[in-house]
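1. would you be able to build a 3D model of this:
(2 chains)
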There are 2 protein chains.
Amino acid sequence: MATSESNSIPLLPEGRPGKYWIGFDLGGTKMLALLLDEEMKVVARRRKKTKGHEGVDDGLKRIESTIEQLLEEAQVRKEQVAGIGIGCPGPVDWRKGIVKEAVNLKWFNVPVGEFLQKKFGCPCAVLNDVDAGVFGEYRFGAGEGAHCLLGIFPGTGIGGGCVYDGQILQGKKLSCMEVGHIRISSSNRVAGLEMSGTLEAEASRLTIAAELAKLAYRGEAKHLMKTAGTDLSNMRSKVIAEAIKAGDDEVEKVVRRAAREIGVAVANMVHLLCPDRIVLGGGLVEAMPKLFEDEVSSTAKKNVFDCYRDEFVVKVAALGDDAGAMGAAAWIAKKCSVIQ
Amino acid sequence: MATSESNSIPLLPEGRPGKYWIGFDLGGTKMLALLLDEEMKVVARRRKKTKGHEGVDDGLKRIESTIEQLLEEAQVRKEQVAGIGIGCPGPVDWRKGIVKEAVNLKWFNVPVGEFLQKKFGCPCAVLNDVDAGVFGEYRFGAGEGAHCLLGIFPGTGIGGGCVYDGQILQGKKLSCMEVGHIRISSSNRVAGLEMSGTLEAEASRLTIAAELAKLAYRGEAKHLMKTAGTDLSNMRSKVIAEAIKAGDDEVEKVVRRAAREIGVAVANMVHLLCPDRIVLGGGLVEAMPKLFEDEVSSTAKKNVFDCYRDEFVVKVAALGDDAGAMGAAAWIAKKCSVIQ
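-> Sure thing, here's the model as predicted:
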């Protein structure tokens, strides 16, 4: 018995049928939105520049429009979105869905979760971007099957995350695993009292770039001088890798020293959490996977108690730029108890 | 209808009725066994010297006889013991119940769990002694109600443990949270390359004692010189506390410096795990609770990101020597799913 209500339902479904998850990676320079189906397969993607300098309101609108375009492209309706997971830089209040301090974006206390929940009418999980990436590797990449997975992503800073027994380790309300901020030495390689002696000050790309610019200036890195000069901004991961390949031995020494510092930090983490797997990711590692895997692994093995030595392996991340968005989608799906 | 079998059951129960848990703390110098009833109340206790130098076989027999005497005293039969939890020094293989490296006892790869399981015919959980102590504080002491509890127990070494969402953080098979072995500086206060720069090398009682012996030798610690001389073995926690009370300012400075190093380690741990509570325990802290609580708390607060500053409190442990045995009992009870 047809009613007027039933007439509003089309005979054929509009667009794609089924339920979908959105995974979003909000980076300092780029944002990436992925649409995943119920089997957690990526069915659509959309990438944009972040343009953090345009302010919070414009930033939130860019996130919204990126998701809208993603759905439009895939012919998926808002109502079919079961949940959104979004990885954001810096510490987040995961309970309230607030970005606490995203220094690169100049975002402080921004209620991203509430914004998305209202706009799209579905559950939204806000998590730290590196936590999201490590969870992505745990579910779909180099971390699959680990009991305790530690992820370290050296970049401009050095991010970390840990998945323990299927759960992202998070504080009571704030995200953590800020491995870059562990004080590992009393030296003071980079100016600024707050940073002195931390892993980030010893081994981030910014520190490496500063060392390399010095080498170039002193004429000890001929290939690098040709491609990058003495400007820190030019010392991109690929450029560094190419200089090493072309024979700049001093450049290689600087990168290996940084990798060894990360190895010492991994040894610390083994003594703390005894991860059975460590995944290294980010641009530097992607450009020089073997160098990082070898140097971090051998340094870590040298610096742990005998009994821990055979308990962990160091691997290179497998998902590249998709890790964060895929992990964010998998996390909201887990939180919604659809996929455990 | 009485059968010959039913005749073997006495009309009145022999001894105490009910089920019991045993919590055992195996220390380098002392062992403590506690008997807990179903409500986790301590109903009997037994303490002995460990005598580690007498070898593994004698050591295991001492554990066995201590438990037997505990049961006898309390008039509880073996069959009433629902499970035994035992905290042991050094890393343990918690899956197999093996003590991996208890340096003080000279025990290596000792299958304590299997031994106790066979002798007493009940489940047995082997865990690291500090993990047990931190779990004890979590269930019954200064850590009650915490989401993520970090425990740091400075002693001859510096032990640590973490209870996260009700679970002790352990590796896939080995215990961890060896906070004493985090490399926090590139200095080399104590001889021995392996130790250099670790928290233990910077802040353990052994390091403090060595500094104090130097003070005494140089005539800069008059009260301490009277009570302890220049012998490291005499620098016990109480003796140190009394010297400070009596006015040995230089002694106080040394202890405060060590406490600040622990504060830096706590800041590292806040950046990693964002614990909402940190419990400090062990002899040094018990002898000087206010000094440690104040110095560790203020140093940690100074060394963390702004957003973490108000997220944690530092407290002094509440259970004293009972923490380990009580925690071990609570852990086996949890593992047996009787008490969650």
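2. and the residue lying closest to A:A259 once chain neighbours are set aside, which of the three is it?
-> Closest residue to A:A259 apart from its sequence neighbours, by C-beta to C-beta, 6 or more residues apart in numbering or on different chains: A:E295 at 3.6 Å. (Each C-beta comes from the backbone N, C-alpha and C, glycine too.) Secondary structure, DSSP: H, G, I helix; E, B strand; the rest coil: A:E295 is helix.
3. A:E295 against A:E261, yeah?
-> No. Counting by C-beta atoms under 8 Å, A:E295 stays clear of A:E261, with 9.7 Å between them.
4. ok, these two, which is more surrounded?
-> A:E261 (25 against 21; other C-beta atoms under 10 Å in any protein chain shown).
5. secondary structure element for the more buried one, which one?
-> According to DSSP states H and E, A:E261 maps onto helix A:249-273.
6. whatever helix or strand comes next after that helix close to chain B?
-> Later in the chain than helix A:249-273, the nearest helix or strand by DSSP H and E is strand A:277-280. No. Counting by C-beta under 8 Å from any C-beta of the partner chain, chain B is not contacted by strand A:277-280; separation bottoms out at 9.2 Å.
7. for strand A:277-280, what is the average pLDDT?
-> When pLDDT is averaged along strand A:277-280, the result is 98.
8. sketch out the low-pLDDT regions of chain A for me.
-> For chain A, the stretches with pLDDT under 70 are A:1-14, A:186-196, A:338-340.
9. skip the chain neighbours and tell me the closest residue to the most centrally placed residue in chain A.
-> Per C-alpha atoms, centre = their mean, the C-alpha nearest to the average position across chain A is that of A:V130, at 3.3 Å. Nearest residue to A:V130 in three dimensions, chain neighbours excluded: A:G159, at 3.4 Å (C-beta to C-beta, 6+ apart).
10. which ones are touching that neighbour?
-> A:G159 sits next to A:128-130, A:133, A:152-153, A:178-180, A:282 when contact means C-beta atoms under 8 Å, 6 or more residues apart in numbering or on different chains.
11. among those residues, who's most crowded?
-> Compared across these, A:G133 has the highest neighbour count, 32 neighbours, by other C-beta under 10 Å.
12. these two touch, right, that one and A:F153?
-> Yes. Between A:G133 and A:F153 there is a contact under C-beta under 8 Å: 6.4 Å.
13. ok, A:T50 - contacts?
-> A:26-31, A:59, A:62, A:105.
14. try it again at 6 Å.
-> When contacts are counted by C-beta atoms under 6 Å, 6 or more residues apart in numbering or on different chains, A:T50 touches A:29-31.
15. same question, A:L169
-> A:C162.
16. let's go with 10 Å and repeat that
-> Counting by C-beta atoms under 10 Å, 6 or more residues apart in numbering or on different chains, A:L169 touches A:131, A:134, A:148, A:150, A:161-163, A:175-177, A:273, B:148, B:162, B:164-165, B:169, B:272-274.
17. narrow these to those in strands?
-> Judged by DSSP state E, the contacts of A:L169 include A:148, A:150, A:161-163, B:148, B:162, B:164 as members of strands.
18. how near is A:S185 to B:E137?
-> According to C-beta to C-beta, to the nearest Å, A:S185 and B:E137 sit 32 Å apart.
19. brain fart, A:D321
-> Taking C-beta to C-beta as the measure, A:D321 falls 43 Å from B:E137.
20. so those two - more neighbours on which side?
-> B:E137 (30 against 16).
21. packing partners of the host helix or strand of the more buried one?
-> Applying DSSP H and E as the criterion places B:E137 in helix B:129-140. The elements that helix B:129-140 packs onto, with contact taken as 3 or more C-beta pairs under 10 Å, 6 or more residues apart in numbering or on different chains; DSSP states H and E, are strand B:20-26, strand B:81-88, strand B:124-128, strand B:148-154, strand B:158-164, strand B:167-168, strand B:277-280, helix B:323-335.
22. okay, angle between it and helix B:323-335 too, please.
-> Angle between the axes of helix B:129-140 and helix B:323-335 is 70 degrees (criterion: axes from the mean of the first three to the mean of the last three C-alpha atoms, to 10 degrees).
23. tilt between helix B:129-140 and strand B:81-88?
-> Interaxial angle, helix B:129-140 versus strand B:81-88 (the same axes, to 10 degrees): 130 degrees.
24. so A:L280 touches A:G155, yeah?
-> No. At 11.4 Å, A:L280 does not count as touching A:G155 under the criterion of C-beta atoms under 10 Å.
25. which residues touch A:M288?
-> A:237-238, A:240-241, A:244-245, A:252, A:255-256, A:259, A:294-295, A:316.
26. cool, A:T29 as well?
-> A:49-52, A:104-105, A:156.
27. overlap in contacts of A:G133 and A:F153?
-> Counting by C-beta under 10 Å, 6+ apart, the shared contacts of A:G133 and A:F153 are A:159, A:161, A:279, A:281-282, A:317, A:323-324.
28. among those, which one lies nearest to A:L212?
-> Nearest to A:L212 out of these is A:G282 (C-beta to C-beta; 17.0 Å).
29. not counting sequence-adjacent ones, nearest residue to the closest one?
-> Nearest to A:G282 is A:F153, by C-beta to C-beta, 6+ apart, at 4.0 Å.
30. can I assume A:E101 sits in a helix?
-> No. Counting by three-state DSSP, A:E101 falls outside a helix, being strand.
31. who's it bridged to?
-> Beta-bridge partners of A:E101, counted by DSSP bridges, are A:F108.
32. try A:L35
-> According to DSSP bridges, the residues that bridge with A:L35 are A:I22, A:A44.
33. name all residues that make contact with it.
-> A:L35 sits next to A:16, A:20-23, A:41-46, A:67, A:70-71, A:73-74, A:76, A:80-81, A:325, A:329 when contact means C-beta under 10 Å, 6+ apart.
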